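K.L.:
no sequence for this one, just the structure:
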Ligand SMILES: Nc1ncnc2c1ncn2[C@@H]1O[C@H](COP(=O)(O)OP(=O)(O)OP(=O)(O)O)[C@@H](O)[C@H]1O
């Protein structure tokens, strides 16, 4: 499974947020870090066609997000920070099942798939509970389960633990780490990235570092120091610690 970005640029209201990004993403676990506003979410959203770039192309195994939107949405699952925004059905099982409605599976197959996912993610006991009564951690697990039930090839998670306490953060991160599919994880929780195959550091719409987790975290930490200045924060006169 390879995601490729070719000279991807994007602006909101004339303000550039992605600048000429070239990337080939084939590793199993890839992290993305960067200051608030550095363009991480926009980059992540280009990966499944939620954002179509103003210029350049995003390809999944050679298929352009512009031309194969439906197939790519199906193959690239997306999990947001705020699970509540992602939960659409009244009960836990219904919310997981909704992603299968166009799957071509029979009702029995769908039920079996839903039950297996609920079991695997510790939600079997909450099958018929109102989704909005779950705890924050359970809600995020539900949002994840509702995406995983569709068996995407790639999972993109945009700060999935931002609203969680330390214990639930650890549970979600462990779950993500154990997934067999390719994972692109945006996070401000740097410890989550240990053992990842690759970590990208973003600043002002560019990938300014691309390497192993320890080096990437060191680079990002240096970038965030007030004296060097991140893209969106106070700046030093001459560009900080870019490579
Ligand atoms: N739909 C939108 N319309 C207008 N501006 C937007 C939109 N989405 C993002 N932006 C702006 O684009 C810039 C980059 O946002 P983006 O969400 O990609 O950054 P980020 O690195 O993910 O930030 P954070 O860590 O805060 O989530 C920000 O200044 C943001 O306000």
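P.N.:
Received it, and whenever you're ready, just let me know what you need. Remember, predicted model here, so these are calculated numbers, not experimental data. Numbering: from 1, shown residues only.
K.L.:
residue 17 - that's part of a helix, no?
P.N.:
No. Assessed with DSSP: H, G, I helix; E, B strand; the rest coil, residue 17 is strand; it does not lie in a helix.
K.L.:
what pLDDT does it get?
P.N.:
According to the prediction, residue 17 has pLDDT 98.
K.L.:
what's the first helix or strand after the least confident helix or strand in the chain by mean pLDDT?
P.N.:
Least confident element among the helices and strands of the chain, by mean pLDDT, DSSP states H and E: helix 83-86 (a mean of 88). Sequence-wise, the next helix or strand downstream of helix 83-86 (DSSP states H and E) is helix 92-98.
K.L.:
I'd like the average pLDDT over the helix or strand following that next one.
P.N.:
Downstream of helix 92-98, the next assigned helix or strand under DSSP H and E is helix 107-120. Computed over helix 107-120, the mean pLDDT rounds to 96.
K.L.:
what does stretch 225-234 give?
P.N.:
Rounded mean pLDDT across stretch 225-234 is 59.
K.L.:
do the same with stretch 149-164
P.N.:
pLDDT averaged over stretch 149-164 gives 95.
K.L.:
what's the answer for stretch 173-181, then?
P.N.:
For stretch 173-181, the mean pLDDT works out to 95.
K.L.:
ok, residues contacting the least confident helix or strand of the chain?
P.N.:
With contacts defined as C-beta atoms under 8 Å, 6 or more residues apart in numbering, helix 83-86 is touched by 79-80, 132, 136, 139-140, 142-143, 146, 163. C-beta here means a position set from N, CA and C on the backbone, and glycine is covered the same way.
K.L.:
by neighbours, which of those residues wins?
P.N.:
Most neighbours among the contacts of helix 83-86, by other C-beta atoms under 10 Å: residue 140, with 30 neighbours.
K.L.:
the residue nearest the centre of the chain: which element?
P.N.:
Closest to where the C-alpha atoms of the chain average out (C-alpha atoms, centre = their mean) is residue 157, at 2.0 Å. Per DSSP H and E: residue 157 is located in strand 154-158.
K.L.:
now do residue 57
P.N.:
For residue 57, the host element (DSSP H and E) is strand 55-60.
K.L.:
pairing partners for the strand holding residue 157, with directions?
P.N.:
Strand pairing for strand 154-158, using DSSP bridges, gives strand 76-79 (parallel), strand 182-186 (parallel).
K.L.:
the strands in the chain, which residues?
P.N.:
Listed in chain order, the strands of the chain (DSSP state E) span 3-12, 15-25, 29-34, 55-60, 63-64, 76-79, 154-158, 182-186, 198-203, 206-211.
K.L.:
which outside residues touch the third one?
P.N.:
Residues external to strand 29-34 that are found in contact with it (C-beta under 8 Å, 6+ apart): 40, 43-44, 177, 182-188, 190, 192-193, 195-203, 213, 216-217, 220, 230-231.
K.L.:
can I get the strands paired with strand 154-158 in JSON lines including distance to the ligand?
P.N.:
Putting these into JSON lines (distance: least, C-beta to the nearest ligand atom, whole Å) gives the following:
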{"stretch": "strand 76-79", "distance to the ligand": "13"}
{"stretch": "strand 182-186", "distance to the ligand": "7"}
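K.L.:
any idea how many residues pack against residue 206?
P.N.:
Residue 206 has 18 nearby residues by other C-beta under 10 Å.
K.L.:
quick one on the thing from earlier: now do the strand holding residue 57, average pLDDT.
P.N.:
98.
K.L.:
next, the buried residues of it.
P.N.:
For strand 55-60, burial by neighbour count (16 or more other C-beta atoms under 10 Å) applies to 56-60.
K.L.:
returning to what we had before: quick one: is the strand holding residue 157 near the ligand?
P.N.:
No. Judged by C-beta under 6 Å from any ligand atom, strand 154-158 makes no contact with the ligand; its nearest approach is 7.1 Å.
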